[in-house]
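Chemist: sequence first, then the predicted structure, then my questions.
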Amino acid sequence: MTTDLIGAVLGIAFVAIVALIVLAANDTLPKGTDPTAPQMLYSSATGVGSGGPLVAHALALAAQPDFIERAADGAVRIVTLRVGLAPAAISREDALTLAAQALVVDEALGVATSVALLRYQDRDLALPMTPALRDLVHQRIDTIRAHEAQGPIVQRQDATVCRACAYRAMCPIGKMNAPAPHSVLS
């Protein structure tokens, strides 16, 4: 009889220990937290991370994606929110923009972005960040910088356009059409 009693006590003790272990494991997570939910690394809306623009100094680029999250499997993804219903596929312009954002995120946060998502009302469109896509963005950046180094190509003179042009300071035609400083007007 004593062996049955000892067995029952040990059984109850074992169940109690298992219950305590389970309760202790559940207490490490905040209430309502899903362990499979993505971890937020950055959010432009809530200020998680820096909240401000991310800067890649080596590329001389900045980006401010809607948010960046780490999935339960460790994959880092950029999420851009869009209004409306999703198109059939991601456009070339969106693909280049998302890939440029990924390059900025990689340098600014020191993580390797694996996918970018365009999140629409009805579904997400995923774009894997492949080495070929990253190389294409680097080529486009180099092309843009080469064109910027040449300066503006002005085909006609238009004072209203010159006033709003970002190249006005380096363009002889833009300088002629620039508004006069306040000291000259008085």
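Modeler: Structure received. Everything numeric in this text was worked out from a predicted model, so none of it was measured.
Chemist: show the contacting residues for residue 148.
Modeler: Contacts for residue 148 (Cβ atoms under 8 Å, 6 or more residues apart in numbering) come out as none. C-betas here are computed from N, CA, C, even on glycine.
Chemist: do you know how far it is from residue 163?
Modeler: 20 Å (Cβ to Cβ, to the nearest Å).
Chemist: helices or strands next to the helix or strand hosting residue 115 in the packing?
Modeler: Residue 115 belongs to strand 113-119 when assigned by DSSP states H and E. Identification of packing neighbours for strand 113-119 by 3 or more Cβ pairs under 8 Å, 6 or more residues apart in numbering; DSSP states H and E yields strand 76-81, helix 92-109, strand 124-128.
Chemist: switch to 10 Å and redo it
Modeler: strand 67-70, strand 76-81, helix 92-109, strand 124-128 (3 or more Cβ pairs under 10 Å, 6 or more residues apart in numbering; DSSP states H and E).
Chemist: with adjacent residues omitted, what lies nearest to residue 140?
Modeler: residue 96 (6.3 Å; Cβ to Cβ, 6 or more residues apart in numbering).
Chemist: residue 139: which of the helices and strands packed on strand 113-119 is closest?
Modeler: For the helices and strands packed on strand 113-119, proximity to residue 139 was assessed by Cβ to Cβ; helix 92-109 is nearest, at 10.3 Å.
Chemist: could you dump that closest one to CSV, C-alpha only?
Modeler: In CSV, the C-alpha atoms belonging to helix 92-109 read as follows (Å, rounded to 0.1, in the frame of the first residue of the first chain):
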residue,chain,number,x,y,z
ARG,A,92,9.1,47.5,-62.7
GLU,A,93,9.2,50.9,-61.0
ASP,A,94,7.8,49.4,-57.7
ALA,A,95,10.4,46.6,-57.9
LEU,A,96,13.3,49.0,-58.3
THR,A,97,12.0,51.2,-55.5
LEU,A,98,11.6,48.3,-53.2
ALA,A,99,15.0,46.9,-54.0
ALA,A,100,16.6,50.4,-53.4
GLN,A,101,14.8,50.5,-50.0
ALA,A,102,16.2,47.0,-49.3
LEU,A,103,19.8,48.2,-50.0
VAL,A,104,19.3,51.1,-47.6
VAL,A,105,17.8,48.9,-44.9
ASP,A,106,20.6,46.4,-45.3
GLU,A,107,23.2,49.1,-44.6
ALA,A,108,21.3,51.2,-42.1
LEU,A,109,20.1,48.4,-39.8
